[in-house]
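**Q** need a structure here:
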Amino acid sequence: MRAGPRVLLLMAAVLAGRSGQARLPAGHAADRSPPAQVTRLTLPFTGIWGVIQGFDSGETHTGYAAFAMDFVPAVRAGTPEPPRGAPLGRFPCYGRPVLAPADGTVVAAAGGAPDSPSHVKGHGDGNFVILQHAPREYTELRHLAAHSVTVKLGDHVRRGDLIGRCGNSGNAGTPHLHIGFLSSFDPIVTRPMVLGGYQVLTTGGWRAGDGTPRKGEFLRPAD
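**A** From the prediction side, this is the model:
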């Protein structure tokens, strides 16, 4: 796809609050005053993707999920969204590789949950991978496709390694990728994250990202 201003974020049902992260039990929270981030995090995908939810979105990224982001790939302007009941393979996100955003160790993973039909909100944790990068620094990547998770508890991964594929499992209505940065994974405690090594599409072309992707931005890895 040519990278220009005429790219369109495939707006999925998440924008209407019909998808995203579940409200988890008491004990899960957001850490608004964590220590300085030491891990350099990069985008967990290749190609051009758009941010459909950012931090404190007022949609489903509130409460414990306040510091999380949802992504889908960009598509050409005018591309219609697949209708309710459409095969998941018609969504540009479905099956796309999900990569480790930094070196780390797998501290939790699940890969056996089914994908929900399109535009039907699922339930539960779905398929996910949680990586520990440093003390009090973890990333979680959720809504992975059924049977796509390639890592298991205790595995060590390097930045850019394949850990699964984008799907529609758990509390999602249409395929997208959820990433959160955590101070703790049991209970889940999200914290602000800074990303590096990416570019943002502007009317004047691509520019270096400032570390905080925002809803509506189009991003691509820069390295």
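**Q** Let me see the contact set for the spatially most central residue of the chain.
**A** For the chain, His178 is the residue whose C-alpha lies nearest the centre (CA atoms, centre = their mean; 2.5 Å). His178 sits next to 20-21, 68-70, 140-143, 172 when contact means CB atoms under 8 Å, 6 or more residues apart in numbering. For every residue, glycine as well, the C-beta is placed using N, CA and C.
**Q** Over to Val98?
**A** Val98 makes contacts with 44-45, 129, 141, 144, 162-166, 177, as judged by CB under 8 Å, 6+ apart.
**Q** Buried members of those into ChimeraX, please.
**A** Here is the ChimeraX selection string for the buried members of these, based on 16 or more other CB atoms under 10 Å:
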select :44,45,129,141,144,163,164,165,166,177
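**Q** Let me know the closest of the contacts of Val98 to Thr202.
**A** Proximity of those to Thr202 (CB to CB) peaks at Phe45, which lies at 20.0 Å.
**Q** Which secondary structure state does that closest one sit in?
**A** The assignment at Phe45 comes out as coil when based on DSSP: H, G, I helix; E, B strand; the rest coil.
**Q** Tell me if I'm right that it and Phe71 touch.
**A** Yes. Taking CB atoms under 8 Å as the definition, Phe45 is a contact partner of Phe71 at 6.9 Å.
**Q** Between those two, which contacts overlap?
**A** With CB under 8 Å, 6+ apart, Phe45 and Phe71 have common neighbours Leu177.
**Q** which residues touch the nearest residue to Pro117 once chain neighbours are set aside?
**A** Distances taken as CB to CB, 6 or more residues apart in numbering put Gly85 closest to Pro117, at 6.3 Å, once the chain neighbours are dropped. Shown in contact with Gly85 (CB under 8 Å, 6+ apart): 117-119.
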